[in-house]
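Asker: sequence below, structure please.
(one chain, ligands or ions: 2)
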Amino acid sequence: MSGTMAEKILASAAGRSAVAPGDHVVCDIDVAMSHDLGTLGVIARLEEMGVNEVWDPSRIVCPMDHVAPSHSIDDANDKRRIREFVERQGIENFYEVGTGIAHEVLHERGHYKPGDLLVGTDSHTTSAGAFGVAGTGLGHTDMAYVYATGQNWFRVPETVKFQIGGTFGEHVTSKDLLLSIAGEHGTGVGQYRSLEFAGSAIEGLPLDGRFTLTNMSIELGAKFGFTPVDAAVTNYIDDRTDGEYDPLRADEDATYRAVHEIDADALRPKIALPHKVGNVVDVDEAAGVELDQVFIGSCTNGKFEDLKAAAEILEGETVDPDTRLIVTPASREIYGRAVREGHVDVFTDAGATTTNATCGACIGMGLGVLGDDEVCLAAMNRNFRGRMGADSSEIYLSSPATAAASAITGRITDPAEV
Ligand SMILES: CC(C)[C@H](C(=O)O)[C@@H](O)C(=O)O
Ligand code: SF4
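Answerer: Ligands and ions are numbered 1, 2, ... in the order given. I've put the predicted structure just below:
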């Protein structure tokens, strides 16, 4: 029987030859991730359940990323409890503050391979679909069940495909594509569905650009998000892991709930207006909005290609004196590459602040917090009210290129204009 990416991975994890949308299956989990905020909740549920030992410490990954470094005594004590837990359980895949954001660390440190089933205490666990991995978020109770048993149940989702033809124009990125889909099709287009992004425009993207699509699949409500498993993926995985795997592809005759065709050549840089990811307009319609802060970072847009795109625009330029620019690499590895390539010097010379790898400003924790009525343009994933600070603050979303151009002028600006 033919299948989509989600169907094939769930069938394999359930030990079945095939599954169909709507089936309920119990699956073996390949990798389980809980970050600093999630691990505390999982520890509490395990204690309530009377579970003293996790099922397989080698399959559990714990990165300390959300509040990193600690910004309060309470948080520092929380992290002490997590360190005691991982030590007691023999969990060696523990990543200290500053290593990076979980979704980046998982593939950088070789924790999965195409065809794997990954769960994490974080909605952006869908990111792993850029590597052919079915990744999805779980709450603390479900994750405690996984930590105890190595299994969880799934309802097999229907799959929706986005077939993207043509090529992206200058300063038009996969972030603009994702925002365009959110605007055109609504943020419910992926509700409890699996998304597959395919076509020439996607195959031409570097892995970092594809990752933005699978990462933000959750912004479209999706259970999973995938881009194609091609040589770019297998070369990356082979460099960082040992052992065999099956580089899965969706079958040609797989059944899709819908197939949407999009021409990348027709896309323009996009902006999501406050306070919803689906409030999307072309950059021209938001141009001129004055900015107190610009943020380039998060698991969505703190990747090497994102920093490179921002540095190319900021080279030899200066950030507007009334605007603060914060740049946050998604991992220490990316930070190091950006230093070696001279991008961090470009940010510093332009008057920006480059922080350690952390969720930080993306979730209003510890740095880059917005005050009353402040306005921020953010190359990240969510612009919900109050996410970065005060309820009266406003967050606009864009690509890193648009954010960098806007930091120079101090107002929302088309990157083609600087
Ligand atoms: C803290 C965590 C549960 C949350 C998520 O699941 O997405 C966070 O990472 C976010 O981006 O809002
Ligand atoms: S960077 Fe932002 S979106 Fe990504 S995991 Fe952290 S808080 Fe969530």
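Asker: show me what from the stretch 301-418 of the chain comes close to ligand 1.
Answerer: Within the stretch 301-418 of the chain, the positions lying close to ligand 1 (CB under 6 Å from any ligand atom) are residue 363. Glycine gets a C-beta too; all of them are placed from N, C-alpha and C.
Asker: quick one, helices of the stretch 301-418 of the chain?
Answerer: For the stretch 301-418 of the chain, helices defined by DSSP state H, counting those that start in this stretch occupy the ranges 304-314, 332-340, 343-350, 400-409.
Asker: repeat for the stretch 101-250 of the chain
Answerer: With DSSP H, counting those that start in this stretch as the criterion, the stretch 101-250 of the chain has helices spanning 102-108, 140-149, 174-185, 200-203, 207-215, 231-240.
Asker: and the third one, does that touch ligand 2?
Answerer: Spelled out, it's helix 174-185. No. Contact between helix 174-185 and ligand 2, assessed by CB under 6 Å from any ligand atom, is absent, since the two come no nearer than 13.4 Å.
Asker: mind checking how far that helix is from the chain centre?
Answerer: Computed by CA atoms, centre = their mean, to the nearest Å, the chain-centroid distance of helix 174-185 equals 15 Å.
Asker: what's the answer for the last one, then?
Answerer: For helix 231-240, the gap between its own C-alpha mean and the chain's C-alpha mean amounts to 19 Å (CA atoms, centre = their mean).
Asker: can you tell me which helices and strands that helix packs against?
Answerer: helix 102-108, helix 207-215 (3 or more CB pairs under 8 Å, 6 or more residues apart in numbering; DSSP states H and E).
Asker: and of these, who's closest to residue 7?
Answerer: Proximity to residue 7 (CB to CB) singles out helix 207-215 among those, at 17.0 Å.
Asker: now the closest one: mean pLDDT?
Answerer: Within the predicted structure, the mean pLDDT of helix 207-215 is 98.
Asker: you'd agree residue 370 is up against residue 378?
Answerer: No. Checked against CB atoms under 8 Å, the pair residue 370 and residue 378 is beyond contact range at 9.8 Å.
Asker: ok, these two, which is more surrounded?
Answerer: With neighbours defined as other CB atoms under 10 Å, residue 370 and residue 378 compare such that residue 378 has more, 29 against 24.
Asker: give me phi/psi at the nearest residue to residue 177 once chain neighbours are set aside?
Answerer: Beyond its immediate neighbours in the sequence, the residue positioned closest to residue 177 (CB to CB, 6 or more residues apart in numbering) is residue 267, lying 6.1 Å away. The phi and psi torsions at residue 267 (degrees, to the nearest 10) take the values phi -80, psi 150.
Asker: residue 44 too?
Answerer: Dihedral pair for residue 44: phi -60, psi -40, per degrees, to the nearest 10.
Asker: residues in contact with it?
Answerer: Residue 44 is in contact with residue 140, counting by CB atoms under 8 Å, 6 or more residues apart in numbering.
Asker: now do it, the pLDDT please.
Answerer: The pLDDT attached to residue 44 in the predicted structure is 98.
Asker: same question for residue 391.
Answerer: Taken from the predicted model, the pLDDT recorded for residue 391 is 98.
Asker: ligand 1 contacts on this structure?
Answerer: Close to ligand 1, as judged by CB under 6 Å from any ligand atom, the chain has residues 37, 66, 122, 123, 124, 137, 363.
Asker: what's the most distant pair in the residues you listed?
Answerer: For the residues of the chain next to ligand 1, with distances taken as CB to CB, the pair at the greatest spread is 137 and 363 (14.5 Å).
Asker: how close does the residue of the stretch 301-418 of the chain found nearest ligand 1 sit to residue 169?
Answerer: Nearest to ligand 1 in the stretch 301-418 of the chain, going by CB to the nearest ligand atom, is residue 363, at a distance of 5.4 Å. In this structure, residue 363 and residue 169 are separated by 32 Å, where distance is defined by CB to CB, to the nearest Å.
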